[in-house]
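Chemist: Take this sequence and fold it.
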Amino acid sequence: MIDNMIIATQNAGKAKEIRYIAGKKIKNIQTLDQLGIILPENLEAFPDYQSNAMAKAQYVFNKTGIPVLADDSGLEVDALGSKPGIHSARYAPEGSDLANRNLLLDRLKGLCLEDRKASFVCILCWICPLGIYFFEGRSHGLILERAIGEKGFGYDPIFFDPNLKKTYAELSFEEKMEVSHRGKALEKWIDSISTEGGI
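Modeler: From the prediction side, this is the model:
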């Protein structure tokens with residue numbers, strides 16, 4: 001069984017979500033901040049989530065030799081041809097959560113709710129001495145015309161879950177982890193390391 005791991009993200013929101021699930025099975029969980037590791041910006045230069053996640057995980061694993069979990073994720077909006085996708089975190093030139101949301105809302109202006117379908121996608125890359133493994137999670141919803149809710153991060157305030165009738169920013173942390181793309185991917189990962197000898 002795995003005793004130690006590193007979360008390879010510099011996004012505090014992602015790190016919190018990963019730690020929440022990983023902590024069910026792994027006692028010693030370290031972040032990049034704790035280790036003083038900064039990911040080079042050019043690591044995420046690939047055209048797909050899987051390659052970007054693997055680049056981050058491989059970089060940290062090569063430096064430390066400790067099992068690493070990295071995430072690459074994005075928001076795919078049907079009406080925009082699945083954009084912003086892998087560019088979700090840097091969609092607007094400023095790259096802030098607010099600027100990204102505002103740009104997206106501007107580009108969807110005038111579309112009715114049923115034409116604002118979107119999916120959150122998460123790909124996890126787990127690198128350990130036994131190999132490299134990938135886990136995917138997806139969640140589906142609608143993009144509202146304005147932000148609602150104070151919780152979460154990124155696009156959460158405008159991503160509406162039709163089943164729960166709330167945005168991700170209105171959900172409690174635990175509720176979000178039950179339904180979100182990252183929560184689903186993390187549950188697949190935790191099941192694997194629990195049942196397959198700690199991959």
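
Chemist: Let me see the ranges of the helices in the protein.
Modeler: For the chain, applying DSSP state H gives helices covering 12-22, 32-35, 49-64, 97-107, 173-179, 181-195.

Chemist: Of all the residues in stretch 5-20, which ones are buried?
Modeler: 5-9, 14-15, 17-18 (16 or more other CB atoms under 10 Å). (Each C-beta comes from the backbone N, C-alpha and C, glycine too.)

Chemist: Widest-spaced pair of these?
Modeler: Greatest spacing in the buried residues of stretch 5-20, by CB to CB: Ile6 and Glu17 (15.4 Å).

Chemist: would you list the buried residues of stretch 5-20 in TSV and tack on pLDDT and distance to Tyr155?
Modeler: Below are those laid out as TSV (pLDDT from 0 to 100; distance: CB to CB, whole Å):
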residue	pLDDT	distance to Tyr155
Met5	96	27
Ile6	97	26
Ile7	97	21
Ala8	96	22
Thr9	93	17
Lys14	92	13
Ala15	93	18
Glu17	94	14
Ile18	95	18
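
Chemist: which one of the residues you listed sits closest to Ser172?
Modeler: When these are ranked by distance to Ser172 (CB to CB), Glu17 comes first, at 12.8 Å.

Chemist: Might you report the residue contacts of that closest one?
Modeler: 177, 180, 182-183, 186 (CB atoms under 8 Å, 6 or more residues apart in numbering).

Chemist: could those be laid out in a markdown table, adding pLDDT and distance to Asp33?
Modeler: Output for the contacts of Glu17, formatted as a markdown table (pLDDT from 0 to 100; distance: CB to CB, whole Å):
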| residue | pLDDT | distance to Asp33 |
| --- | --- | --- |
| Met177 | 95 | 22 |
| Ser180 | 96 | 23 |
| Arg182 | 96 | 19 |
| Gly183 | 96 | 22 |
| Leu186 | 97 | 20 |
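
Chemist: export the residues you listed to JSON lines and tack on distance to Gly74 and neighbour count?
Modeler: What follows is these, written out as JSON lines (distance: CB to CB, whole Å; neighbours: other CB atoms under 10 Å):
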{"residue": "Met177", "distance to Gly74": "18", "neighbour count": "18"}
{"residue": "Ser180", "distance to Gly74": "13", "neighbour count": "24"}
{"residue": "Arg182", "distance to Gly74": "11", "neighbour count": "24"}
{"residue": "Gly183", "distance to Gly74": "16", "neighbour count": "19"}
{"residue": "Leu186", "distance to Gly74": "16", "neighbour count": "24"}
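
Chemist: Considering those, which is situated nearest to Ala118?
Modeler: Comparing the contacts of Glu17 against Ala118 with CB to CB places Ser180 closest, at 13.1 Å.

Chemist: Test for you: state the pLDDT assigned to the closest residue to the closest one other than its chain neighbours.
Modeler: In space, not counting the residues next to it along the chain, Ser180 is nearest to Ser139; the distance is 5.4 Å by CB to CB, 6 or more residues apart in numbering. Ser139 carries a pLDDT value of 98.

Chemist: Glu136 reaches Cys125, doesn't it?
Modeler: No: if you go by CB atoms under 8 Å, Glu136 and Cys125 don't touch, sitting 10.6 Å apart.
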